[in-house]
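>>> Just the structure for this:
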Amino acid sequence: MKTDLSTYNNDWYQPGSKVKRLLWYMVSIIFFESAWNVSSALKVFWLRRFGATLGKGVVIKPKVTIKYPWKLKIGNHCWIGEKAWIDNLDQVTLEDHVCISQGALLLCGNHNYKTTSFDLIVAPIILREGSWVGAKASVAPGVRLHSHAVLTMGSVATKDLEAYGIYSGNPAKKIKMRTFTSY
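Numbering: from 1, shown residues only. Sure, this is the predicted structure:
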């Protein structure tokens, strides 16, 4: 057997109307993916207009890519760094105080390499309270970062990260527990 991309069919996947996706594409290019708009408030406004649920104190830096705002829920006081890419073909949930650093990738879609038609697979991503995705790190479909878990710079999470665990590498492995100190 061989891969036959001519048989690929994702008709089952309905991410929203074409008009809605086209309008979002234009807004995204102008207000999110360009460097001129540094206003988080304006980005929050547009995300809400397109169906995202956002808490207060959300910071969104320039050059951020978000696939479908209507599949995005962001809690209070979350930060999204420059050039972060939220490829939310499925629901992405950021609970309160979550940080997504520069160039991080949250990827909700993949393809089934076991089928000749390369079928689309989607699964949600959940980042629990206080979790942190480091710069240039990637989170795979269906993964949960539990409370205050850390995925270090450039690492790849293909499985759930336990609460307060610090994970590094590709695939990410737990290297130690996160502890807080007070000064």
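
>>> which residues of the protein fall in helices?
With DSSP state H, the ranges of helices along the chain come out as 18-27, 40-49.

>>> Turn those helices into CSV, columns for mean pLDDT, mean neighbour count and distance to residue 89.
Quick note: C-beta positions are derived from backbone N, CA and C, even for glycine. Below are the helices of the chain laid out as CSV (pLDDT from 0 to 100; neighbours: other C-beta atoms under 10 Å; distance: least, C-beta to C-beta, whole Å):
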stretch, mean pLDDT, mean neighbour count, distance to residue 89
helix 18-27, 97, 13, 12
helix 40-49, 96, 16, 17
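
>>> closest to residue 65 out of these?
helix 18-27 (10.7 Å; C-beta to C-beta).

>>> Which strands or helices does the closest one pack on?
If contacts are counted by 3 or more C-beta pairs under 8 Å, 6 or more residues apart in numbering; DSSP states H and E, helix 18-27 sits against no helix or strand.

>>> circling back: quick one: which of the helices of the chain is nearest residue 64?
When the helices of the chain are compared by C-beta to C-beta, helix 40-49 sits nearest residue 64, at 7.6 Å.

>>> What is the closest one packed up against?
strand 53-54, strand 59-60.

>>> Just want the angle from that helix to helix 18-27.
170 degrees (axes from the mean of the first three to the mean of the last three C-alpha atoms, to 10 degrees).

>>> Relative to the whole chain's centre, how far out is helix 40-49?
Counting by C-alpha atoms, centre = their mean, to the nearest Å, helix 40-49 is centred 17 Å from the centre of its parent chain.

>>> likewise stretch 37-51?
From the chain centre to the centre of stretch 37-51 is a distance of 16 Å (C-alpha atoms, centre = their mean).

>>> Send me it as PDB with only the CA atoms.
The C-alpha trace of stretch 37-51 is given here as PDB (Å, rounded to 0.1, in the frame of the first residue of the first chain):
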ATOM      1  CA  ASN A  37      -0.300  46.800  16.200                       C
ATOM      2  CA  VAL A  38       1.100  46.500  19.700                       C
ATOM      3  CA  SER A  39      -2.300  47.000  21.400                       C
ATOM      4  CA  SER A  40      -3.500  43.900  23.300                       C
ATOM      5  CA  ALA A  41      -6.900  45.600  23.900                       C
ATOM      6  CA  LEU A  42      -7.500  45.900  20.100                       C
ATOM      7  CA  LYS A  43      -6.600  42.200  19.700                       C
ATOM      8  CA  VAL A  44      -8.800  41.200  22.600                       C
ATOM      9  CA  PHE A  45     -11.700  43.200  21.000                       C
ATOM     10  CA  TRP A  46     -11.300  41.400  17.700                       C
ATOM     11  CA  LEU A  47     -11.000  37.900  19.300                       C
ATOM     12  CA  ARG A  48     -14.200  38.500  21.200                       C
ATOM     13  CA  ARG A  49     -16.000  39.800  18.000                       C
ATOM     14  CA  PHE A  50     -15.100  36.400  16.400                       C
ATOM     15  CA  GLY A  51     -16.300  34.300  19.300                       C
END
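
>>> Thank you, goodbye.
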